[in-house]
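Visitor: Sharing a sequence plus its predicted fold:
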Amino acid sequence: MKNVLKKVGLLLLLVLVIMQFIRPDKNESGYESVAYFENETKPTPEVKEILKNNCYDCHSNQTIYPWYAEIAPVSYWLADHVDEGKEHFNVSDWEQYSVKKKDHKLEELIEEVEEGEMPLSSYTWIHGNLEKEEMEVLINWTKELRQNYSPE
């Protein structure tokens, strides 16, 4: 029994070491990936800072990775979070969205933030949560912005 546990432990260690050399793709396109979104939506400096600090890492093509993103299996977990976040809403794709889709994405943003679903708790453990005032600023800006996309 002791030999079996030792072999399983060595196998797991070997897998972990191999994982360090097989890395998921990084999501790093630079600022230009959010430029269209910001040019069209014209966020205030305060909103821009909220988006940069709480949204862009998972909802754009410009993730700023923390040091621990270099360690497997965390690197895989973060890559999955980013891929899933971009699947739901990617500001880097804002130019390709129809007016109706833009309105819908903004509506979802409001709902997710109001319900406390965004940012994810796994993100806020390390990065901190949005302050109530920041949530209000973001929601009010988004509601105002929706008027540009909502059917009249």
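Guide: Now that the structure is in, tell me what you want to look at.

Visitor: who's in contact with D57?
Guide: Residues near D57 by Cβ atoms under 8 Å, 6 or more residues apart in numbering: T63, I64, V82, Y123. To be clear about C-beta, it is placed using only N, CA and C from the backbone, and glycine gets the same treatment.

Visitor: pLDDT and neighbour count added to the residues you listed, as TSV?
Guide: Output for the contacts of D57, formatted as TSV (pLDDT from 0 to 100; neighbours: other Cβ atoms under 10 Å):
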residue	pLDDT	neighbour count
T63	86	22
I64	84	11
V82	89	23
Y123	72	18
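
Visitor: And these, which two are furthest apart?
Guide: I64 and Y123 (12.5 Å; Cβ to Cβ).

Visitor: Distance check, T44 against F89.
Guide: Per Cβ to Cβ, to the nearest Å, T44 is found 20 Å from F89.

Visitor: let me fix that: L14
Guide: 39 Å.

Visitor: I'd like to know how far L120 sits from V17.
Guide: From L120 across to V17, the span is 29 Å (Cβ to Cβ).

Visitor: follow-up on the earlier one: mind checking which of L14 and F89 has more residues around it?
Guide: Neighbours of L14 and F89, each counted by other Cβ atoms under 10 Å, are more numerous for F89; the result is 20 against 10.

Visitor: quick one: that one from K7, how far?
Guide: F89 sits 45 Å away from K7, going by Cβ to Cβ.

Visitor: And for R23?
Guide: Using Cβ to Cβ, R23 is found at 27 Å from K7.

Visitor: And these two? Which one has more around it.
Guide: R23 (13 against 10).

Visitor: Look at the more buried one and tell me its secondary structure.
Guide: coil (DSSP: H, G, I helix; E, B strand; the rest coil).

Visitor: Not counting its neighbours along the chain, what's nearest it?
Guide: Nearest residue to R23 in three dimensions, chain neighbours excluded: S75, at 6.0 Å (Cβ to Cβ, 6 or more residues apart in numbering).

Visitor: Which residues are in contact with the spatially most central residue of the chain?
Guide: In the chain, the residue lying closest to the centroid (Cα atoms, centre = their mean) is C58, at 1.4 Å. Residues in contact with C58 (Cβ under 8 Å, 6+ apart) are H81, V82, E84, G85, K86, P119, L120, Y123.
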